[in-house]
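*Asks:* Fold the following for me, if possible:
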Amino acid sequence: MALFRPRTIRGQLIASLVLFELLVLAVFAVFLVREQQKELQQRVDRRLEYQGSQLAFHAGALLAENKTETLQTLVNSMLDFPSIGSVQITDLQGVTQVGTGPSTKGTLSLTSVERNYLRSLDKPTLFTLKDNVREIVAPVKVNGRLEALVWIYPNEDADRLQLHSLLRITLFSAVVAVLGCTLLATFMARTITKPLNVLMQATRQIVRDPEDTSSFPLQISSTNEAADLTMAFNMMVTSIEEQRAGLNDTLALLDSMLANAPIGFAFFDRKFRFVRVNQFFASMNQSSISRHLGRTVSDIFPESAASPIRHAIDSVFETGAPVQDLEVTGEFEDHPGRVRSWLVNIYPVRTSSNAVRWVGAVIVDTTQRRNSEDALRKTEKLVATGRLAASIAHEINNPLEAVTNLLYLIRLQDSLSVDTLRYVELAQHEVARVSEITQQTLRFYRQSTLPVTAKVSELMDSVLTLHQGRVNSLQVEVRRFYEPEVDLFCFAGEVRQLFANLIGNALDAMMPGPGQLVLSVRRSRSWRDSDIEGVRVSVMDTGCGMTDEVRGRIFEPFFTTKEATGTGLGLWVSAEIVRKHHGTVRIRSRASVDGQSNGDFRSGTVFMLFFPLVRGEEVPEESLQANSQSV
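*Replies:* Numbering: from 1, shown residues only. Down below sits the predicted model:
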């Protein structure tokens, strides 16, 4: 049945009306036929009674006049009536006297009960035989005495023809009524389904493309309930559009906050896979956002850091409680020895049913902060050491001055032997050297805050004097190439610190020695603009040199190759000093095979500094990056 059931409102409406009309017509036809049959039967019965009584009257009259030969004519004349099939006149015993055909000849088989009933018959009586066949029996009386019986058998063909004609008229009326109802139902269904079709197309359009509202609001072409439904649909679409606009604004705000927040955001599923990250987090890992999606924590973080993060994510999924201030550290395989640290706060992301759908994480790279803290601690130690050294140097000056005076007085004695005099002169030389070292130490501590004109060669030699002990212990040959009277208007203390960093790094690179240190100071012109005059300072060593990777990072803060003693701030501070004096730096270096200084002069580094004599334009920061070329 479901296969033949209409699937549209129009089909259902038409089918329902047709079925209802057919049911009504069927009931009406049955009732009409029954009533017509009943009325027809009554009419036939009355006609038979009339015909029987008339035939019995005329037959009685003929029998009274003894005109029996005329009875046959009278009976045959009855067949002129189309409603009469056959007629016969019998005696009281059922013996046929006159009949209209062979079937009416002979004797009727009557029982004694029927004969007794017929003898007492005084008016026409209808009898119903088997197969619903009817007959009329009328008494023929002569002078008041029953003499014979008239039997009339009706012809029902005409009655059946009339009934069939009635049925045909009824069927035709039913067909006309069904067609009329179908047309009416089709028209009514169209007025109902047309707005519904419009609503269905509009709904499909919204499902297919929710952003396309060019077809709205829908046109209202009627004033019935369909118009109210269309109006309500238009209001619903308008409300959805407003809600979508508000939702889009909220999502745009959240996306903007997520994308532009200066902090790393990441979201994980139960398999510890990234389902969403922001650009800051991707940049933190030096990768794209798409490279994170679908990958696990272990694919992005070192295992030493990924393991506690996985445990924290699993804990949040199980308990729903956030994990705060989780500090993790680790080393990437492609950057061995470079320890990175992160501060991670993990929290649940719940759905409307309060179930934990995802786990979010706020991730901060604290590597620089930790390095800064370590450098600050080392710097504080260095500052304390510097102050202690300056204090010691200051305190040494007083006894040194007394010793110098005493040696001077001893030398003036005439009674000294030649050997003693030579020892006194040697002592004076060493005391003078100690005094020079203390003076240079105090110059670092009591450096001026205002620029002055200083001789570059003197600044270089003052720094070299501090490192003379290491120079001697490492058996480093120092070669100086100074042009005379090369002055520079500068912050002398800062330039001295710059030279100290370069010479100290050069001596560290030449460990364990021997080696060669070449210092050059001369007048020159700028590499970029030959019209700019200035001072060029070169510091060259024959140490272990630098690899390309190290050369690219030497000016980064906290980057150091001396894990135990380095702070990673020396060259960064040096770069700031060069920038402050509007200078530039170029570096050339070649690394040794084993990373150690072999004293064969096949490796080394050259720092070339240029300081303009006049204050020029600001030099961009890129000029401070090492122009690394192998020699």
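*Asks:* Sticking with Thr587, tell me its helix or strand.
*Replies:* Thr isn't right for residue 587; it's Ile. Ile587 is part of strand 584-590 when elements are defined by DSSP states H and E.
*Asks:* Same check on Lys38?
*Replies:* helix 9-64.
*Asks:* Determine the set of other helices and strands touching the strand holding Ile587.
*Replies:* Judged by 3 or more Cβ pairs under 8 Å, 6 or more residues apart in numbering; DSSP states H and E, strand 584-590 is in contact with helix 570-580, strand 604-612. (C-beta placed from N, C-alpha, C; glycine too.)
*Asks:* Compute the inter-axis angle for that strand and helix 570-580.
*Replies:* If you take axes from the mean of the first three to the mean of the last three Cα atoms, to 10 degrees, strand 584-590 sits at 140 degrees to helix 570-580.
*Asks:* quick one, strand 584-590 and strand 604-612 angle?
*Replies:* 170 degrees.
*Asks:* Just the C-alphas of strand 584-590, formatted as CSV.
*Replies:* Taking C-alpha atoms only, strand 584-590 is exported to CSV below (Å, rounded to 0.1, in the frame of the first residue of the first chain):
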residue,chain,number,x,y,z
THR,A,584,79.5,49.0,11.0
VAL,A,585,80.9,45.5,11.5
ARG,A,586,82.2,43.0,9.0
ILE,A,587,83.3,39.5,10.0
ARG,A,588,85.3,36.9,8.1
SER,A,589,86.0,33.5,9.6
ARG,A,590,87.1,30.0,8.7
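*Asks:* rewinding a little: would you mind finding the most buried of the helices and strands packed on strand 584-590?
*Replies:* Most buried of these, by mean neighbour count (mean count of other Cβ atoms under 10 Å): strand 604-612, with a mean of 22.
*Asks:* could I get the helices and strands packed on strand 584-590 as JSON lines with distance to Val403 and mean pLDDT?
*Replies:* JSON lines is the format used below for the helices and strands packed on strand 584-590 (distance: least, Cβ to Cβ, whole Å; pLDDT from 0 to 100):
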{"stretch": "helix 570-580", "distance to Val403": "35", "mean pLDDT": "84"}
{"stretch": "strand 604-612", "distance to Val403": "39", "mean pLDDT": "92"}
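*Asks:* so can I have CSV of these showing distance to Ile309?
*Replies:* Shown next, in CSV, are the helices and strands packed on strand 584-590 (distance: least, Cβ to Cβ, whole Å):
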stretch, distance to Ile309
helix 570-580, 32
strand 604-612, 41
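*Asks:* after the helix holding Lys38, next one along is what?
*Replies:* helix 69-78.
*Asks:* Next, the angle helix 9-64 makes with that following helix.
*Replies:* Using the same axes, to 10 degrees, the inter-axis angle of helix 69-78 relative to helix 9-64 is 170 degrees.
*Asks:* Going by neighbour count, which residues of helix 69-78 are buried?
*Replies:* 70-71, 74-75, 78 (16 or more other Cβ atoms under 10 Å).
*Asks:* repeat for stretch 421-435
*Replies:* Of all the residues in stretch 421-435, those buried under the rule 16+ other Cβ under 10 Å are 424, 427-428, 431, 435.
*Asks:* out of those, who's nearest Lys141?
*Replies:* Ser435 (186.8 Å; Cβ to Cβ).
*Asks:* Arg479 is in contact with Val539, isn't it?
*Replies:* No. Under the criterion of Cβ atoms under 8 Å, Arg479 makes no contact with Val539, lying 11.4 Å away.
*Asks:* Same drill for these two, tell me which one is more crowded.
*Replies:* Val539 (21 against 10; other Cβ atoms under 10 Å).
*Asks:* tally of neighbours for Asn405?
*Replies:* Applying other Cβ under 10 Å, I find that Asn405 has 10 neighbouring residues.
*Asks:* and what of Ala15?
*Replies:* Ala15 has 15 neighbours, counted by other Cβ under 10 Å.
*Asks:* ok, now how distant is it from Val27?
*Replies:* In this view, Ala15 and Val27 are 19 Å apart by Cβ to Cβ, to the nearest Å.
*Asks:* any low-confidence regions in the stretch 301-450 of the chain?
*Replies:* Along the stretch 301-450 of the chain, segments meeting pLDDT under 70 span 337, 352, 378-379, 381-386, 389-390, 393-394, 433, 436-437, 439-449.
*Asks:* any idea where the helices of it begin and end?
*Replies:* Using DSSP state H, counting those that start in this stretch, the helices of the stretch 301-450 of the chain run over 303-319, 367-411, 418-445.
*Asks:* Comparing those, which comes out most buried?
*Replies:* Most buried among the helices of the stretch 301-450 of the chain, counting by mean count of other Cβ under 10 Å: helix 303-319, with a mean of 17.
*Asks:* Restrict that one to CA atoms and write it as CSV.
*Replies:* Coordinates of the C-alpha atoms in helix 303-319 are reproduced here as CSV (Å, rounded to 0.1, in the frame of the first residue of the first chain):
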residue,chain,number,x,y,z
GLU,A,303,59.9,14.0,24.1
SER,A,304,61.1,15.4,27.5
ALA,A,305,58.6,18.2,27.1
ALA,A,306,55.9,16.2,25.2
SER,A,307,55.6,13.6,28.0
PRO,A,308,54.4,15.9,30.8
ILE,A,309,52.1,17.8,28.3
ARG,A,310,50.4,14.5,27.3
HIS,A,311,49.9,13.6,31.0
ALA,A,312,48.4,17.0,31.6
ILE,A,313,46.0,16.7,28.6
ASP,A,314,44.9,13.3,29.7
SER,A,315,44.3,14.5,33.2
VAL,A,316,42.1,17.4,31.9
PHE,A,317,40.1,15.0,29.8
GLU,A,318,39.5,12.7,32.7
THR,A,319,38.9,15.2,35.5
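*Asks:* How far away from the center of its chain is it?
*Replies:* 24 Å (Cα atoms, centre = their mean, to the nearest Å).
*Asks:* what residues does that helix touch?
*Replies:* With contact meaning Cβ atoms under 8 Å, 6 or more residues apart in numbering, helix 303-319 is reached by 268, 270, 272, 296-298, 300-301, 321-323, 326, 328-331, 340, 342, 344, 346-348, 356, 359, 361.
*Asks:* Mind listing what's buried along the strand holding Ile587?
*Replies:* By 16+ other Cβ under 10 Å, the buried positions in strand 584-590 come out as 584-590.
*Asks:* before we move on, back to that, overlap in contacts of Arg479 and Val539?
*Replies:* 517-519.
*Asks:* re earlier: quick one: closest of the helices of the stretch 301-450 of the chain to Ser283.
*Replies:* helix 367-411 (14.1 Å).
*Asks:* before we move on, back to that, list just the nearest of the buried residues of stretch 421-435 to Thr128.
*Replies:* Scanning those for proximity to Thr128, where the rule is Cβ to Cβ, the winner is Ser435, at 163.9 Å.
*Asks:* any chance of the buried residues of strand 584-590 in CSV, plus pLDDT and distance to Asp461?
*Replies:* Formatted as CSV, the buried residues of strand 584-590 follow (pLDDT from 0 to 100; distance: Cβ to Cβ, whole Å):
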residue, pLDDT, distance to Asp461
Thr584, 91, 24
Val585, 91, 22
Arg586, 91, 23
Ile587, 90, 23
Arg588, 90, 24
Ser589, 89, 25
Arg590, 87, 28
